[in-house]
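Novice: pasted the sequence and its predicted model underneath.
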Amino acid sequence: MTRSTMTVDPSRPGRRPLSARWPQAASRAASVVAGASWLLGILTVASALLPPDRARLRLLTELLPYQAADAAAAVAAALGVLLLYLAGGLRRRKHRAWVAAVAVTAVVGLSHLAKGLDVEEAGASAVVLALLLGCRREFGAEADPGGRRLAVRRFGQLAVLGTVLGMLLLQAYSAQLVGRPSLRTQLHEVLLGLLGVTGPVGFASDRTADLVGSTLLGLGLLTAFVTAYFALRPAEPVALLDPSDEQRLRSLLDRHGRRDSLGYFALRRDKSVVFSPSGKAAVTYRVLHGVLLASGDPVGDPEAWPGAIEAALRLARRYAWTPAVIGCGERGATAWTRSGLGAYELGDEAVLDVRAFSLDGRPMRGIRQAVARVQRAGVTAAVRRARDVPAAELAELAAAADAWRGAGVERGFSMALSRLGDPADPDCVLVTARRPDGSLCGLLQFVPWGSDGLSLDLMRRARDADNGISEFMVVVLACVGAELGVTRLSLNFAAMRAALENGERIGAGPVARLWRSLLLLASRWWQIETLRRFNAKFQPGWEPRYLCYESGRQLPRVALAALEAEAFLVRPGIVRRARVSGRPG
């Protein structure tokens, strides 16, 4: 688990880097260096593939054998492609990417001279090397220790695999080998071939030599690329809320949980947490695609929120993560924007005042009809705290919730707890609906929102349940809420509610109508309009929720991380297993 404690390294005296003084300027400097490195990689690959200048090559062969020029061209091609990949790590200000890029750029410059006296490409390499050295202070982001161990393991595995395959390749072309090279000589040939260098083994035909050389070089490049990927990829530490941190969060929620309806969801055990220096506030988050994605408002005393936010931002700067927040309220968004982030209204949370709730009046006609239809079918509902539900029934409810889940994975990150019947959650409220024969047909779970509120966590229904079963259960809870001491109910989140309503108004402009049309199209997969209409039936109050982000150009990555965190986008199983296998337990 990533720890929140941050220290200043006293071994780096002198002027502070841009990343400590102006993060945006540091990001731009890193982007410039990364772009220059990427362009040098393109130039190097193109130069290695094009035939050399004959006049320069004749002059070069007076100094070096032609085999050295061919080897230098192969090395340049391999390192040029590697430089393309290193540019991604440089853009994220990774220190190890900078170290590797400095070494690669220096060798690339030499290889350009050795393969054909290409002084222009060597000069470009010198310029990029100067940029790298001049901006060295801006590449201080650390890498995930788990990623480092996995990179070493993958390098060892692929190096062994490449060596074995190379030996088998030489055995397959044994008839084309000149003489009878020993196994040691063949091994020497394979190891040099993986580096793109011509070895001591001779071949009867140039075609066989080219084929073996290209194959070995390809295996070597594969080893380099996979190793670099695991070494330089954005760190995604395993998200784990350990028992001690969970207990600290529960203590904060006991004192300040009434402020945010999403506060209890900070107790998801697939989140990490960073506390303020005073320990009176905390930010919970997960890291995806190099984005430190926090959820909801900070937990705890608002006076300590700035300390928790600054601790989270320091953590993001330490690993070159992009900070972002999903689902924070107006007060939380204000706190984050004061720390330098921007804010965008994602939508609105429907909040029901139980004391004022009534089924009377024309606006509630649809709800009355739904409730009456379900009651005529003989369905009954029960409202209980989780601690009052027998263990056997809890197991039945959990099994039914899994069976009724429409998606292949459990959705939710900022507004879902993703567990049911856990002994640590005795104050959760369960609403169950059963048919006259006793079979379960609907289930709601609400988590505590302070001492007098509940926040909707889980809403499931049987596929053959009567229409209106969800509305019926919400109404039953609202009617008996006073007996539980509940005065507020937080229902579903209505994404882009204002945009949907503005687009359907008379006189709406073309942009508003187009935006609404796009949201309706997305609703085919993500139920944006369905949830808005469901919430609106209850005539709730609307509380805005925001997305906070560092800069507009990072919004695509933030959106990708948010969609994956909420499980609207799911990585293929083989990718998830590969990434999880490299995380520290």
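Specialist: Sure, I can see it.
Novice: was I right about Gly342 contacting Glu550?
Specialist: Yes: under the criterion of CB atoms under 8 Å, Gly342 makes contact with Glu550 at 7.4 Å. C-beta here means a position set from N, CA and C on the backbone, and glycine is covered the same way.
Novice: neighbour-wise, which of these two wins?
Specialist: Glu550 (23 against 15; other CB atoms under 10 Å).
Novice: from Leu292, how far out is that one?
Specialist: 10 Å (CB to CB, to the nearest Å).
Novice: which neighbours do those two share?
Specialist: Thr322, Pro323, Ala324 (CB atoms under 8 Å, 6 or more residues apart in numbering).
Novice: show me what the first one bridges to in the sheet.
Specialist: So that's Thr322. On the basis of DSSP bridges, Thr322 is bridged to Val291.
Novice: pretty sure it sits against Val287.
Specialist: No: in this structure Thr322 lies outside contact range of Val287 using CB under 8 Å: 9.7 Å.
Novice: quick one, what contacts Leu292?
Specialist: Leu292 sits next to Tyr285, Ala312, Leu315, Ala316, Trp321, Thr322, Pro323, Ala324 when contact means CB under 8 Å, 6+ apart.
Novice: flag every buried residue along the one helix or strand the fourth one maps to.
Specialist: Meaning Ala316. Element membership for Ala316, per DSSP states H and E: helix 305-319. By 16 or more other CB atoms under 10 Å, the buried positions in helix 305-319 come out as 305-313, 315-319.
Novice: what of stretch 251-264?
Specialist: Of all the residues in stretch 251-264, those buried under the rule 16+ other CB under 10 Å are Leu252, Leu253, His256, Gly257, Arg259, Asp260, Ser261, Leu262, Gly263, Tyr264.
Novice: can you tell me, leaving aside adjacent residues, what's nearest to the last one?
Specialist: Just to be clear, that refers to Tyr264. Val447 (4.2 Å; CB to CB, 6 or more residues apart in numbering).
Novice: buried set for the host helix or strand of that neighbour?
Specialist: Secondary structure assigned from DSSP H and E places Val447 in strand 440-449. The neighbour-count check on strand 440-449 (16+ other CB under 10 Å) flags Leu440, Cys441, Gly442, Leu443, Leu444, Gln445, Phe446, Val447, Pro448, Trp449 as buried.
Novice: ok, then the element right after that strand?
Specialist: By DSSP H and E, the next helix or strand past strand 440-449 is strand 453-461.
Novice: any regions of the stretch 151-300 of the chain where pLDDT drops low?
Specialist: By pLDDT under 70, the weakly predicted segments of the stretch 151-300 of the chain are 151, 207, 210-211, 215, 218, 222, 229-239.
Novice: swap the cut-off to 50 and go again
Specialist: The model of the stretch 151-300 of the chain has no residue with pLDDT under 50.
Novice: and for this structure, the residue most distant from the center?
Specialist: Gly179 (55.3 Å; CA atoms, centre = their mean).
Novice: CA atoms only: put the longest strand along the chain into PDB for me.
Specialist: Assignment by DSSP state E gives strand 342-353 as the longest strand of the chain. Backbone C-alpha positions of strand 342-353 (Å, rounded to 0.1, in the frame of the first residue of the first chain) are rendered in PDB as follows:
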ATOM      1  CA  GLY A 342     -10.200  23.100 -12.100                       C
ATOM      2  CA  ALA A 343     -13.800  21.900 -11.600                       C
ATOM      3  CA  TYR A 344     -16.500  20.700 -14.000                       C
ATOM      4  CA  GLU A 345     -20.100  19.900 -13.000                       C
ATOM      5  CA  LEU A 346     -20.800  16.200 -13.700                       C
ATOM      6  CA  GLY A 347     -24.400  16.200 -12.700                       C
ATOM      7  CA  ASP A 348     -26.600  16.200  -9.600                       C
ATOM      8  CA  GLU A 349     -27.400  13.900  -6.700                       C
ATOM      9  CA  ALA A 350     -31.000  13.400  -5.900                       C
ATOM     10  CA  VAL A 351     -31.700  14.000  -2.100                       C
ATOM     11  CA  LEU A 352     -35.100  13.300  -0.600                       C
ATOM     12  CA  ASP A 353     -36.300  15.100   2.500                       C
END
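Novice: re earlier: which one of the buried residues of stretch 251-264 sits closest to Val128?
Specialist: Leu262 (46.6 Å; CB to CB).
Novice: quick check: that closest one touching Pro298?
Specialist: No: look at Leu262 against Pro298 with CB under 8 Å: they stay out of range, at 11.1 Å.
Novice: how far out from the middle of the chain is the following helix or strand past the longest strand of the chain?
Specialist: As assigned by DSSP H and E, the chain's next helix or strand after strand 342-353 is helix 365-376. Relative to the mean C-alpha coordinate of its chain, helix 365-376 is positioned 42 Å out (CA atoms, centre = their mean, to the nearest Å).
Novice: what's helix 365-376 packed up against?
Specialist: Here helix 365-376 touches helix 469-480, going by 3 or more CB pairs under 8 Å, 6 or more residues apart in numbering; DSSP states H and E.
Novice: and if we set it to 10 Å?
Specialist: strand 380-385, helix 469-480 (3 or more CB pairs under 10 Å, 6 or more residues apart in numbering; DSSP states H and E).
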